[in-house]
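Chemist: Generate a structure from the sequence data that follows.
(chains A and B)
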Amino acid sequence: MRRVVVTGLGLVTPLGGDVETSWANLIAGESGAGQITRFDASNQKCTIACEVKGKDHPWGFDPDKRVDHKVQRQVDPFIVYGIDAAGQALEDAGLTDMTDAEKERTGCSIGSGIGGLPGIEIESVNLHERGPGRVSPHFVHGRLINLITGQVQIKYGFMGPNHAVVTACSTGAHSIGDAARMIAMDDADIMLAGGAESTINPLGIAGFAQARALNMSMNDRPTEASRPYDRNRDGFVMGEGAGVVVLEEYERAKARGAKIYAEVTGYGLSGDAYHVTAPHPEGRGAELAMRMALKKAGLGPGDIDYINAHGTSTMADTIELAAIKRVLGDDLGGASMSSTKSAIGHLLGGAGAVEAIFCILAMRDGIVPPTLNLHDPDDGTEGIDLVPLKAKKREVRAVLNNSFGFGGTNASIIMQKVD
Amino acid sequence: MSDTADRVAKIVVEHLGVEADKVTQDASFIDDLGADSLDIVELVMAFEEEFGVEIPDDAAEKITTVGDATKYIEEHKG
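Modeler: Numbering: from 1, shown residues only, chains lettered A, B, ... in the order given. Here you go, the predicted structure:
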């Protein structure tokens, strides 16, 4: 099988409009949470979220940098975030000037969990109030999940695999894993892979609130609301943004002298076969995904240095932890584990990709990001390094990134440093 | 330029994201301003909204330049 490495990174998060700003803020222990400003949320049970900031904010995102004005008008925000993150990753990889032959061997696997919910909401109201003749001609293709991939391949002329995963909150991880396999199986030499989400709109917040998934008890303390593993956790905080990596066949990357961040060595996928929203109470599906990824990577307990947990700040956190203990041992084989959702919220379909990038940066810099708001660790966390409150220096050579989604869908990715 | 022509040009600039000086009355939406057929559908909707006119599909198909739009609106607005 051909080896697959990461050679470029792109991020749009509530902590920054690019990779280095997001990472610096994450390591500094900043929180991206606040009151919702995108719409009037005063009648919602949840009034807080981790929004991507506007371009006038020091951590803000400027859509004009990489996304045409016309495209911005036609598509939902998740597509704008995705196009920008893909552009960042290509620039970082030094791949903005490819030959036609290279472009034929370059594809995209950039998905989303939900897609264009804000636009669906707006046009539904429009249809109801003003009739079918007022619905935008760009309504459909401006909301479809595979239209980040579509837009990026049109923009850059890529004619390889045109793929988009839709597996709820596992989307970002599946996107990277599937794309890595496409390179390993010789379907492509280069893949842009990742996920994006933006559902901080009335219907999105109300829907997750009604499903009892969001934190609704700390509206007055937004930066404290996402608190994975803490005894007082009470649901996730909605985030938004995008993460995209450039995956490249190893020999090709080496030959062109590319900066190689990491190798994707393990990928595991499974289903819970249990419930539409709740994870299996013993985390059996999660365990299967992690075991498969470890086996593929040829690693054992003790080889993983850092785990970026799914850890959404819900009751499911301790189910995941119990599953990881069964796989790696009661001390997680000495690994540090944190949930960066404590700082950026839950990016749903973007989460797995954004968190994979945080894992890569942890390897690059030898520092693991913190779990914010972890003041009173829940039962079962004894003896485990959950990196509470502050980032921590440690050598990181192998990382495990878990993502689990509604429908009982699980994905685990393992990446390692390349010597 | 008439008030109608000004307002038409403004809508075209906003919707197509093109430089204002390219939006002459002779400019073709597709050949000169980079629009596609869906953009034209959207522009027609915006004209209908702005000027309170109805532009039926068979009339919309004949509107290919900025000037065509201005002329149709001048002739049909209330």
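
Chemist: When you work out contacts or count neighbours from here on, use the C-alpha atoms and nothing else.
Modeler: Will do.

Chemist: The helix-or-strand element of chain A with minimal mean pLDDT - contacts with which helices or strands?
Modeler: For chain A, using mean pLDDT, DSSP states H and E, the weakest element among its helices and strands is helix A:69-74, scoring a mean of 92. Counting contacts by 3 or more C-alpha pairs under 8 Å, 6 or more residues apart in numbering or on different chains; DSSP states H and E, helix A:69-74 is packed against helix B:3-16.

Chemist: CA atoms only for the helix or strand that comes right after the least confident helix or strand of chain A, dumped as PDB, please.
Modeler: Using DSSP states H and E, the helix or strand that follows helix A:69-74 towards the C-terminus is helix A:77-93. The C-alpha trace of helix A:77-93 is given here as PDB (Å, rounded to 0.1, in the frame of the first residue of the first chain):
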ATOM      1  CA  PRO A  77     -21.300  29.900   5.300                       C
ATOM      2  CA  PHE A  78     -20.100  26.300   5.700                       C
ATOM      3  CA  ILE A  79     -19.100  26.300   2.100                       C
ATOM      4  CA  VAL A  80     -17.300  29.700   2.400                       C
ATOM      5  CA  TYR A  81     -15.300  28.300   5.400                       C
ATOM      6  CA  GLY A  82     -14.500  25.200   3.500                       C
ATOM      7  CA  ILE A  83     -13.200  26.900   0.400                       C
ATOM      8  CA  ASP A  84     -11.000  29.200   2.500                       C
ATOM      9  CA  ALA A  85      -9.600  26.400   4.600                       C
ATOM     10  CA  ALA A  86      -8.800  24.300   1.400                       C
ATOM     11  CA  GLY A  87      -7.100  27.300  -0.100                       C
ATOM     12  CA  GLN A  88      -5.000  27.800   3.100                       C
ATOM     13  CA  ALA A  89      -4.000  24.100   3.000                       C
ATOM     14  CA  LEU A  90      -3.000  24.300  -0.700                       C
ATOM     15  CA  GLU A  91      -0.900  27.400  -0.100                       C
ATOM     16  CA  ASP A  92       0.700  25.800   3.000                       C
ATOM     17  CA  ALA A  93       1.600  22.800   0.900                       C
END
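
Chemist: Please enumerate residues in contact with helix A:77-93?
Modeler: A:7-12, A:18, A:63, A:65-67, A:71-72, A:96, A:110, A:112, A:115-116, A:142, A:147-148, A:151-152, A:192, A:195-198, A:240-246, A:258-259 (C-alpha atoms under 8 Å, 6 or more residues apart in numbering or on different chains).

Chemist: go again using 7 Å as the cut-off
Modeler: A:7-12, A:63, A:66-67, A:72, A:96, A:115, A:147-148, A:152, A:192, A:196-198, A:241-246, A:258 (C-alpha atoms under 7 Å, 6 or more residues apart in numbering or on different chains).

Chemist: Narrow the residues you listed to those in helices?
Modeler: A:72, A:147-148, A:152 (DSSP state H).

Chemist: which among these gets closest to chain B?
Modeler: A:Gln72 (9.9 Å; C-alpha to the nearest C-alpha).

Chemist: List the buried residues of stretch A:392-409.
Modeler: A:392, A:396-409 (16 or more other C-alpha atoms under 10 Å in any protein chain shown).

Chemist: nope, stretch A:115-127 is what I was after
Modeler: A:115-120, A:123, A:126.

Chemist: Make CSV out of the residues you listed and add distance to A:His375.
Modeler: CSV is the format used below for these (distance: C-alpha to C-alpha, whole Å):
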residue, distance to A:His375
A:Gly115, 35
A:Gly116, 36
A:Leu117, 35
A:Pro118, 35
A:Gly119, 39
A:Ile120, 40
A:Glu123, 44
A:Asn126, 46
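
Chemist: where do the helices sit along chain B?
Modeler: With DSSP H as the criterion, chain B has helices spanning B:3-16, B:37-51, B:57-60, B:66-76.

Chemist: Turn the ones you listed into TSV, including mean pLDDT, mean neighbour count and distance to chain A.
Modeler: Shown next, in TSV, are the helices of chain B (pLDDT from 0 to 100; neighbours: other C-alpha atoms under 10 Å in any protein chain shown; distance: least, C-alpha to the nearest C-alpha, whole Å):
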stretch	mean pLDDT	mean neighbour count	distance to chain A
helix B:3-16	94	18	6
helix B:37-51	93	17	6
helix B:57-60	92	12	11
helix B:66-76	95	17	18
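
Chemist: how about those, which one is nearest A:Arg291?
Modeler: helix B:37-51 (48.8 Å; C-alpha to C-alpha).

Chemist: so the closest one versus helix B:66-76, what angle?
Modeler: 40 degrees (axes from the mean of the first three to the mean of the last three C-alpha atoms, to 10 degrees).

Chemist: Other residues contacting helix B:37-51?
Modeler: A:136-137, B:54-55, B:60, B:77.

Chemist: again, only this time at 8 Å
Modeler: Contacts of helix B:37-51 (C-alpha under 8 Å, 6+ apart): A:134, A:136-138, B:8, B:11-12, B:15-16, B:29-30, B:53-55, B:60, B:73, B:77.

Chemist: Can I get the particular helix or strand that has A:Ala286 in it in PDB? Just the C-alpha atoms.
Modeler: Counting by DSSP H and E, the element that carries A:Ala286 is helix A:284-297. Coordinates of each C-alpha in helix A:284-297 appear next as PDB, following Å, rounded to 0.1, in the frame of the first residue of the first chain:
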ATOM      1  CA  ARG A 284     -18.500  -0.900  22.100                       C
ATOM      2  CA  GLY A 285     -18.500   0.900  18.700                       C
ATOM      3  CA  ALA A 286     -15.900   3.400  19.800                       C
ATOM      4  CA  GLU A 287     -13.700   0.600  21.100                       C
ATOM      5  CA  LEU A 288     -14.000  -1.300  17.700                       C
ATOM      6  CA  ALA A 289     -13.000   1.800  15.800                       C
ATOM      7  CA  MET A 290     -10.000   2.500  18.000                       C
ATOM      8  CA  ARG A 291      -8.800  -1.200  17.900                       C
ATOM      9  CA  MET A 292      -9.100  -1.200  14.100                       C
ATOM     10  CA  ALA A 293      -7.000   2.000  13.800                       C
ATOM     11  CA  LEU A 294      -4.300   0.700  16.100                       C
ATOM     12  CA  LYS A 295      -4.100  -2.500  14.200                       C
ATOM     13  CA  LYS A 296      -3.800  -0.700  10.900                       C
ATOM     14  CA  ALA A 297      -1.000   1.500  12.400                       C
END
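
Chemist: which secondary structure elements does that helix contact?
Modeler: Looks like helix A:284-297 contacts strand A:262-271, helix A:316-328, strand A:409-416 (3+ C-alpha pairs under 8 Å, 6+ apart).

Chemist: change it to 10 Å
Modeler: Here helix A:284-297 touches strand A:262-271, helix A:316-328, strand A:398-405, strand A:409-416, going by 3 or more C-alpha pairs under 10 Å, 6 or more residues apart in numbering or on different chains; DSSP states H and E.

Chemist: Relative to the whole chain's centre, how far out is that helix?
Modeler: 19 Å (C-alpha atoms, centre = their mean, to the nearest Å).

Chemist: How about stretch A:385-394?
Modeler: 20 Å.

Chemist: how about that stretch as PDB, C-alpha atoms only?
Modeler: Output of stretch A:385-394 as PDB, limited to C-alpha atoms (Å, rounded to 0.1, in the frame of the first residue of the first chain):
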ATOM      1  CA  ASP A 385      -3.800  13.200  32.200                       C
ATOM      2  CA  LEU A 386      -6.700  15.200  30.800                       C
ATOM      3  CA  VAL A 387      -4.500  18.300  30.500                       C
ATOM      4  CA  PRO A 388      -6.800  20.400  32.700                       C
ATOM      5  CA  LEU A 389      -6.900  24.200  32.100                       C
ATOM      6  CA  LYS A 390      -3.400  24.700  30.800                       C
ATOM      7  CA  ALA A 391      -1.500  23.400  27.700                       C
ATOM      8  CA  LYS A 392       1.400  21.200  28.500                       C
ATOM      9  CA  LYS A 393       4.800  20.500  26.900                       C
ATOM     10  CA  ARG A 394       5.500  16.900  26.000                       C
END
